[in-house]
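>>> curious how this folds, go ahead:
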Amino acid sequence: MNKSDSERVATILEGMGYSRTENEEEANLLGVLACSVRQKSIDKVHSKIHKWNKLKNRHNMITFLSGCVLPADREKFLKQFDIVFLISELPAFPDMIRQYGIVTPLGLRSNEHAIHGNARKNEDRLLKKIHLSTGKVKMSEPDKKIEDFWHIQPSYHSTFEAFIPIQNGCNNFCTFCAVPYTRGREISRPSEEILSELKLLVNKGYKSITLLGQNVNSYGFDKNGKEIYFTDLLRKIGEFGQSRGKTFRVYFTSPHPRDMTEEVCEIISRYKCLAKQIHLPVQSGDDKVLMRMNRKYTLEDYREVVRSVKKHLPDATLFTDIIVGFTGETGEEFENTRKAMEEFKFNMAYIAKYSPRPGAVSSRWKDDIPDEVKTERLHTLTRELTRHTSVYNEGLIGKDLTVLVTGDNKKPGYLSAITEGRILLRFPCDEKSLVGNYVKVNIHSATDYSLEGTLVRESVPETVRL
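You can find the predicted model right below:
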């Protein structure tokens, strides 16, 4: 989500006359799109701004902060950054610089900034509504300013991979989670805009597109029948892919197990362009912990969703998210999570140690699991994950897989690629023209988390060979 947000931030900054630099010391504007979901991420922001404020002693520069930032974190950062704002307030960013009275060559320019789409005409209205000093928003309501943000044309980071936000906010209020307090309640982007952006990307030759939302499979629920639902959106995308004839893959993240239906799996199985990869956060394998997390499903409910995935998508990879050391997690409750990992044999699991987030319900509870216990539990689950990924990957040896070439590999003379199931892969080749294209690779070896193979020469498109 932050990478997707950054593509719209880039459009605004480029429209103001800025150009990108990889050297922080020569920058006139430095910003962070933060993520308050984990304390570790916020700690990194504190480290960055401490370094940047030292740079101010040497030359004139502006610092800003946006992204997913909790109110408590935002208040602290207001003292450290020049400008702090909600990501939905991005269309007004040029005027924020002028309102703050920061004198830079760009700040002295006229108001004729080249802002794309319809965002510019909304600036005056937005500035009357936002609080430049705090960036506060009522989290009991959807952040409707996000609609103006969506109208900004992204400056895509890649020529073959792209993200499309379809939704903002969340209504689930998991007790550990910061999202409802950083992005507000759910609001769905108009399906016409989503489909138009997707068709534009496909027509431009994009090969991998990811639909983004905090809970994608509740898409449309907030529109009271005035908008299509997630299953309908997937069906329309599938029909477009079928009629277009171009090879591309569409992913989505993240669904909530409570709202993940068998119909979604059935639709994915029907259309080639809908990627056979499912990211389904389980968070815990114990019903008592799930209840304390307010996840609104049991492990048996989750198991039923996985059954639907396996029934309709037998070749799909399954990814998940897990939190270890949640408040009150006993050794027995953790063991149930380990058993769940053994049962579901995930292809990837993003495992995190629990950290209380200010404002979330669980922040009022004692964080009673020692860090060394959390660390050991994380390592235990990582070892469990590795057992299953290595078996799955070894099972691919000898097969020809259609993969998307993503760039140079760190090993000289090799290219990196990714399978439809989002497993990393490399193969010996120095033909840079293959980057951004689909090719077939014969798998000859596997590690715990990646594959290695040999390019099947007849799979290289004629246009790429030229």
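
>>> could you chop this structure up by domain?
What automatic domain parsing lists as the domains of the chain is 2-129, 155-394, 400-465.

>>> any idea which of the ones you listed is most buried?
domain 155-394 (a mean of 18; mean count of other C-beta atoms under 10 Å). (C-beta placed from N, C-alpha, C; glycine too.)

>>> follow-up on the earlier one: in terms of mean pLDDT, which of the domains of the chain ranks lowest?
Mean pLDDT is lowest for domain 2-129 out of the domains of the chain, coming in at a mean of 78.

>>> what segments of the stretch 1-150 of the chain are strands?
29-35, 62-68, 83-84 (DSSP state E, counting those that start in this stretch).

>>> and the first one, what does it pack against?
Spelled out, it's strand 29-35. helix 2-15, helix 39-55, strand 62-68 (3 or more C-beta pairs under 8 Å, 6 or more residues apart in numbering; DSSP states H and E).

>>> same deal with the shortest one?
In terms of contacts (3+ C-beta pairs under 8 Å, 6+ apart), strand 83-84 is packed against strand 62-68, helix 93-99.

>>> make JSON lines from those and add distance to residue 384 to it.
Below are these laid out as JSON lines (distance: least, C-beta to C-beta, whole Å):
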{"stretch": "strand 62-68", "distance to residue 384": "29"}
{"stretch": "helix 93-99", "distance to residue 384": "45"}
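
>>> to residue 362, which of these lies closest?
Within the helices and strands packed on strand 83-84, the stretch nearest residue 362 is strand 62-68; the backing value is 17.3 Å (C-beta to C-beta).

>>> mind listing the strands that closest one pairs with, and their directions?
In the sheet, strand 62-68 lines up against strand 29-35 (parallel), strand 83-84 (parallel) (DSSP bridges).

>>> could I have the CA atoms of the first one written out in PDB?
Listed next in PDB are the C-alpha coordinates belonging to strand 29-35 (Å, rounded to 0.1, in the frame of the first residue of the first chain):
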ATOM      1  CA  LEU A  29      12.700  17.600   0.000                       C
ATOM      2  CA  LEU A  30      12.800  14.400   2.000                       C
ATOM      3  CA  GLY A  31       9.700  12.500   3.100                       C
ATOM      4  CA  VAL A  32       8.500   9.300   4.600                       C
ATOM      5  CA  LEU A  33       5.400   7.200   4.000                       C
ATOM      6  CA  ALA A  34       5.200   5.600   7.400                       C
ATOM      7  CA  CYS A  35       3.400   2.500   8.600                       C
END
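
>>> next one: it to chain centre, how far?
16 Å (C-alpha atoms, centre = their mean, to the nearest Å).

>>> between helix 39-55 and it, find me the angle.
170 degrees (axes from the mean of the first three to the mean of the last three C-alpha atoms, to 10 degrees).

>>> neighbours of residue 395, how many?
11 (other C-beta atoms under 10 Å).

>>> pretty sure residue 349 sits against residue 321.
Yes. Using C-beta atoms under 8 Å, residue 349 is in contact with residue 321, at 7.2 Å.

>>> related to what we said a few turns ago, between the domains of the chain, which gets nearest to residue 142?
Closest among the domains of the chain, using C-beta to C-beta: domain 155-394, at 3.8 Å.

>>> straight-line length of the closest one, end to end?
39 Å (C-alpha to C-alpha, to the nearest Å).

>>> cool, stretch 324-338 as well?
10 Å.

>>> for residue 169, find the nearest of the strands of the stretch 1-150 of the chain.
By C-beta to C-beta (comparing all of the strands of the stretch 1-150 of the chain), the closest turns out to be strand 62-68, at 10.6 Å.

>>> hmm, who's touching the closest one?
Among residues not part of strand 62-68, those counted as contacts by C-beta atoms under 8 Å, 6 or more residues apart in numbering are 1-2, 5, 9, 28-37, 45, 49, 52-53, 74, 77, 80-87, 89-90, 93, 97, 102, 104, 178-179, 182-183.

>>> and the residue nearest to residue 325 when sequence neighbours are not counted, how far is that from residue 334?
Excluding the flanking residues, the one nearest residue 325 by C-beta to C-beta, 6 or more residues apart in numbering is residue 374, at 3.4 Å. Separation of residue 374 from residue 334 (C-beta to C-beta, to the nearest Å): 10 Å.

>>> before we move on, back to that, wasn't the residue nearest to residue 325 part of a strand?
No. If the criterion is DSSP: H, G, I helix; E, B strand; the rest coil, then residue 374 is helix and not within a strand.

>>> if we can go back for a sec, dump the domains of the chain to TSV, plus distance to residue 144.
Shown next, in TSV, are these (distance: least, C-beta to C-beta, whole Å):
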stretch	distance to residue 144
domain 2-129	8
domain 155-394	7
domain 400-465	33
